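Undergrad: Just the structure for this:
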Amino acid sequence: MDSAEFHAAVYHVVRQIPRGQVTSYGHIAKLLGMPRYSRHVGQALKFLSPSVQPPIPWQRVISSSGTISSRGPGTEGAQRQKEALEAEGVEVTVTRSGDYRINLGTYGWFPGGEDGQSADGDEDEDDTR
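TA: Numbering: from 1, shown residues only. You can find the predicted model right below:
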């Protein structure tokens with residue numbers, strides 16, 4: 001599978017995540033049969049054009065720990081993701097360290113298993129939206 005095919009497959013899976021639910025980068029990779037490619041899933045979402053039609057609900061993909069991935073100091077991507085998820089009815093809490101967290105037991109979408117970890121046990125990659 002080349003890069004364009006991989007990105008298309010990622011977008012296809014992300015479009016299946018129901019409104020009001022979330023899944024992890026690693027679970028998308030697992031569904032694609034490429035469980036060690038969670039970082040690549042993040043990259044596919046990073047390069048997503050905002051004008052793509054039909055829209056791809058990138059905000060529904062979070063880390064396997066249930067947190068919205070930080071985009072670094074001075075960026076607003078995590079805040080935008082939080083707001084988009086809250087608009088769908090997803091409850092987002094703030095941890096002591098200031099991270100945004102979603103309860104995967106309540107809002108998680110894990111067809112084929114409830115394992116949000118990538119196969120190698122690494123933390124799922126974050127995208128930089």
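
Undergrad: distance of the residue positioned nearest the centre of the chain from residue 96?
TA: Central residue of the chain (C-alpha atoms, centre = their mean): residue 61, 1.5 Å from the mean position. Applying C-beta to C-beta, to the nearest Å, the value for residue 61 to residue 96 is 24 Å. C-betas here are computed from N, CA, C, even on glycine.

Undergrad: which ones are touching the residue located most distally from the centre of the chain?
TA: Among residues of the chain, the one most distant from the C-alpha centroid is residue 96; the distance is 21.9 Å, by C-alpha atoms, centre = their mean. Neighbouring residues of residue 96 by C-beta atoms under 8 Å, 6 or more residues apart in numbering: there are none.

Undergrad: and it, which of the three is it?
TA: coil (DSSP: H, G, I helix; E, B strand; the rest coil).

Undergrad: So what does it have for phi and psi?
TA: When read as degrees, to the nearest 10, the backbone of residue 96 gives phi -60, psi -30.

Undergrad: Over to residue 101?
TA: The phi/psi pair for residue 101 (degrees, to the nearest 10) is phi -130, psi 140.

Undergrad: wait, doesn't it sit right on residue 91?
TA: No - checked against C-beta atoms under 8 Å, the pair residue 101 and residue 91 is beyond contact range at 9.5 Å.

Undergrad: if we can go back for a sec, if I look at the residue nearest to the centre of the chain, what pLDDT would I see?
TA: The model reports residue 61 with a pLDDT of 97.

Undergrad: quick revisit: so which of residue 101 and residue 91 has more stuff around it?
TA: residue 101 (18 against 11; other C-beta atoms under 10 Å).

Undergrad: Okay, and the beta partners of the more buried one?
TA: residue 67, residue 93 (DSSP bridges).
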